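**Q** sequence below, structure please.
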Amino acid sequence: MEYLYDNTFDGLLTCFYEHVYTEKADDIIPMRKDVQLSLGRQMQVRTDLEKSEKVAKAIEKKISPAALRRAYQAWLTAEDGKEMDVLRYVFLGFRLGKDVDRLHGSETVRRIDVLNHKVSWEADRILGILRFSVVQSPQGEVLYAAIAPNCDLIQTVMPHFLNRFREEPFIIHDVGREKAAFASEGSWFMRSLPKDFSPQYTTDEEQYRELWRGYFRTAAIAQRANPQLQKHFIPTRYWQYLTEMG
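**A** Prediction:
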């Protein structure tokens, strides 16, 4: 059976529930706007928070809370087939308990290690290069930053920025996924935000952005330019949202 789900972690855990109580999952596929063509039987799984919670609690009890975090972080990647990678890891953990993460020779566990590393690596990079700008909103001035990471990172980096900006309202926009986190006074929520959203910078912000670009151009030593090294430290896919590259 191929399960189609809504591309949420609760939806994935609901599929795990159906894997046990309905029919074994041969594949778990995110629903997309394009038609899902398959020669196999498919079932659309509606996210059920009660079933999802039961599976999450089972993972914490039978394996460990750390295993649930590792499963969630692996799911945040953009890798094809991640759903089945997580399923294999979770059900291996159900058989072996908390010792599952010691099986570094297991392909199943090693795959989850790789996926977790991808998320951690990119999250650390985003923390270092995210650029906030002051923009106008109906409620007044707000800090705004756009990103387009491979992994789904907003929820991973939000604790850092909530601690950093304890009073200032801010928005982190994942342009590729067309969603954003809106934060104010220590709390935040997620909502959709289209990729063609065009922020209105304040007059001072426009001036500061131009000053920074000028500094970046004039401070560089042309004779020591090393484009390959620059791309190594900051891959070109991140450049479009760096102020100095604008």
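**Q** from one end of stretch 211-230 to the other, what's the distance?
**A** End-to-end distance for stretch 211-230, by C-alpha to C-alpha, to the nearest Å: 21 Å.
**Q** do me a favour and average the pLDDT over that stretch.
**A** Stretch 211-230 carries an average pLDDT of 80.
**Q** chain center to that stretch, what's the gap?
**A** Taking C-alpha atoms, centre = their mean, to the nearest Å, the mean C-alpha location of stretch 211-230 is offset from the chain mean by 31 Å.
**Q** quick check: closest non-adjacent residue to Cys15.
**A** Once flanking residues are discounted, Cys15 sits nearest to Tyr3: 4.5 Å by C-beta to C-beta, 6 or more residues apart in numbering. All C-beta spots, glycine's among them, are computed from the backbone N, C-alpha and C.
**Q** so that neighbour touches Arg46, yeah?
**A** No: counting by C-beta atoms under 8 Å, Tyr3 stays clear of Arg46, with 10.8 Å between them.
**Q** higher neighbour count, those two?
**A** With neighbours defined as other C-beta atoms under 10 Å, Tyr3 and Arg46 compare such that Tyr3 has more, 24 against 9.
**Q** that's a strand at that one, yeah?
**A** Yes: using DSSP: H, G, I helix; E, B strand; the rest coil, the assignment for Tyr3 is a strand.
**Q** who's it bridged to?
**A** Counting by DSSP bridges, Tyr3 forms beta bridges with Ile28, Met43.
**Q** got the contact list for it?
**A** Going by C-beta atoms under 8 Å, 6 or more residues apart in numbering, Tyr3 touches Cys15, Glu18, His19, Ala25, Asp27, Ile28, Ile29, Gln42, Met43, Gln44, Val45.
**Q** mind pulling up the pLDDT for it?
**A** Tyr3 is given a pLDDT of 96.
**Q** just Gly246 next, same as before
**A** 67.
**Q** what do you get for Ser38?
**A** What the model reports for Ser38 is a pLDDT of 65.
**Q** determine the longest helix present in this protein.
**A** Ordering each helix of the chain by length in residues (DSSP state H) puts helix 107-129 first.
**Q** what's Thr22 sitting at in phi/psi?
**A** As for Thr22, its main-chain torsions (degrees, to the nearest 10) stand at phi -110, psi -70.
**Q** do you know how far it is from Met31?
**A** Separation of Thr22 from Met31 (C-beta to C-beta, to the nearest Å): 18 Å.
**Q** so what does the residue minimising distance to the centre of the chain look like in phi/psi?
**A** In the chain, the centroid-proximal residue (C-alpha atoms, centre = their mean) is Asp152; its distance is 1.4 Å. When quoted as degrees, to the nearest 10, the phi and psi of Asp152 stand at phi -90, psi 90.
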